[in-house]
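Asks: Below are the sequence and a predicted model; questions follow.
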Amino acid sequence: MRALVQSFLRYREPDLSRALFELGVTAGALLLGWGLMWLSLPIGYWLTLLLAIPTAGFLVRLFMIQHDCGHGAFFRRRATNDWIGRALGIFTLTPYDDWKRSHTLHHATSGNLDRRGTGDILTLTVDEYLSRSTLGRIAYRAYRHPLVMFGIGPAWLFFLRQRLPFERMRWSWRPWASTAATNAGIAVLAGLVIWLIGFGPFAAVHLPVMLLAGSIGVWLFYVQHQFENVAWARSGDWSVSDAALSGSSHYVLPAVLRWFTANIGVHHVHHLCSRIPYYRLHRALRDHPQLETLGRVTLGQSLRSVNLVLWDETGKRLISFREAALPRRDR
């Protein structure tokens with residue numbers, strides 16, 4: 001494992017020209033897509049919604065650049081990563097410093113059953129679920145329902161929760177400062193666009209882009225750690241490297257989707273070495289073919305993971321609510 005991690009070091013050094021190119025292409029494509037959506041409004045809203053699909057994809061890709069900045073992987077200097085990340089947070093509706101802290105904790109605790117709850121998808125064990133009251137079980141079922149997880153949930157997360165980080169007040173004043181600065185930037189940018197084109201056209205264009213991008217982002221995060229052969233462990237049996245290789249997926253996507261998602265599907269490599277810029281992740285995987293089959297999830301297989309909602313500590317696997325209702329010997 002140490003040799004494997006050492007071999008990844010050669011992919012870590014950011015390339016300034018490549019970073020600027022990736023940022024320029026992504027931001028430019030997002031602005032172009034947004035502008036075309038606005039121009040399409042008089043033609044028909046069906047065309048506007050059709051153009052929202054690639055535009056949302058560009059916004060997802062912009063978030064992936066922000067994500068790399070949070071890991072210090074996009075530029076060499078930490079300050080450059082942080083200030084670009086903060087600026088991008090205005091477009092992605094994500095307070096950069098607050099998100100960076102919770103995401104760092106996610107990397108430090110991913111797959112650890114004893115340290116769940118920060119920057120991850122809530123996942124109960126079978127025993128935890130069965131020990132809940134009827135109301136508690138209904139609440140968890142509602143939370144894990146696809147309509148909530150990938151529809152209502154992303155809207156709540158990006159439009160409301162990330163505007164007021166109440167649950168992180170105990171950390172320090174920084175989540176509030178990060179959120180307040182991002183909210184101010186959003187207000188200024190949105191106010192300027194509304195002043196230029198009006199509130200109606202702004203909402204007609206930006207709402208579907210944000211809703212779709214949010215759902216795609218949550219789906220990607222979900223499938224990276226919620227799949228059939230994922231591994232979870234208690235603290236005594238948990239390690240960062242095992243969690244990376246066994247608890248993170250290799251989401252195999254078509255080339256065009258790999259581009260829009262900035263290779264985040266190579267998630268096991270990312271968790272093993274988060275300082276690798278996304279534009280080198282696929283090369284790192286190609287140079288280490290032994291990692292190709294680890295956590296491999298195809299697009300079709302990922303759709304079936306929606307039913308995997310509880311961790312069975314006896315069987316060491318994710319199972320459905322239906323399976324959890326069976327006697328232990330029949331699971």
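Replies: Here it is on my side, so go on.
Asks: What is the neighbour count of the closest residue to residue 159 other than its chain neighbours?
Replies: Take residue 159 and drop its neighbours on the chain: the residue closest to it by Cβ to Cβ, 6 or more residues apart in numbering is residue 93, 7.1 Å away. C-beta coordinates here come from the backbone N, C-alpha and C atoms, glycine included. In terms of burial, residue 93 registers 19 neighbours under the definition other Cβ atoms under 10 Å.
Asks: Now do the same contact list for residue 93.
Replies: Residue 93 is in contact with 158-159, 162, 182, 186, 210, counting by Cβ atoms under 8 Å, 6 or more residues apart in numbering.
Asks: what's the distance between it and residue 63?
Replies: 9 Å (Cβ to Cβ, to the nearest Å).
Asks: Just the element for the closest residue to residue 240 other than its chain neighbours, please.
Replies: Taking Cβ to Cβ, 6+ apart, and ignoring the residues beside it in sequence, residue 240 has residue 108 as its nearest neighbour in space, at 7.5 Å. Under the criterion of DSSP states H and E, residue 108 resides in helix 96-109.
Asks: before we move on, what about residue 5?
Replies: Residue 5 belongs to helix 2-7 when elements are defined using DSSP H and E.
Asks: Kindly report the same for residue 83.
Replies: Taking DSSP H and E as the criterion, residue 83 maps to helix 78-92.
Asks: neighbouring contacts of that helix?
Replies: The set of residues that contact helix 78-92 without belonging to it, under Cβ under 8 Å, 6+ apart, is 23, 30, 59, 62-63, 65-66, 68-70, 72-75, 95-97, 99-100, 158, 178, 181-182, 185-186, 189, 213.
Asks: 6 Å - rerun?
Replies: Helix 78-92 is touched from outside by 62-63, 66, 69-70, 72, 74-75, 95-96, 182, 185-186, 189, with contacts defined as Cβ atoms under 6 Å, 6 or more residues apart in numbering.
Asks: Centre of the chain to it, how far?
Replies: 16 Å (Cα atoms, centre = their mean, to the nearest Å).
Asks: for that helix, what is the average pLDDT?
Replies: For helix 78-92, the per-residue pLDDT values average out at 96.
Asks: Buried residues, it. List them.
Replies: Going by neighbour count (16 or more other Cβ atoms under 10 Å), the buried part of helix 78-92 is 80-82, 84-86, 88-92.
Asks: I'd like the residues you listed laid out as JSON lines, including distance to residue 319.
Replies: Output for these, formatted as JSON lines (distance: Cβ to Cβ, whole Å):
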{"residue": "80", "distance to residue 319": "45"}
{"residue": "81", "distance to residue 319": "40"}
{"residue": "82", "distance to residue 319": "41"}
{"residue": "84", "distance to residue 319": "42"}
{"residue": "85", "distance to residue 319": "38"}
{"residue": "86", "distance to residue 319": "41"}
{"residue": "88", "distance to residue 319": "38"}
{"residue": "89", "distance to residue 319": "37"}
{"residue": "90", "distance to residue 319": "41"}
{"residue": "91", "distance to residue 319": "39"}
{"residue": "92", "distance to residue 319": "34"}
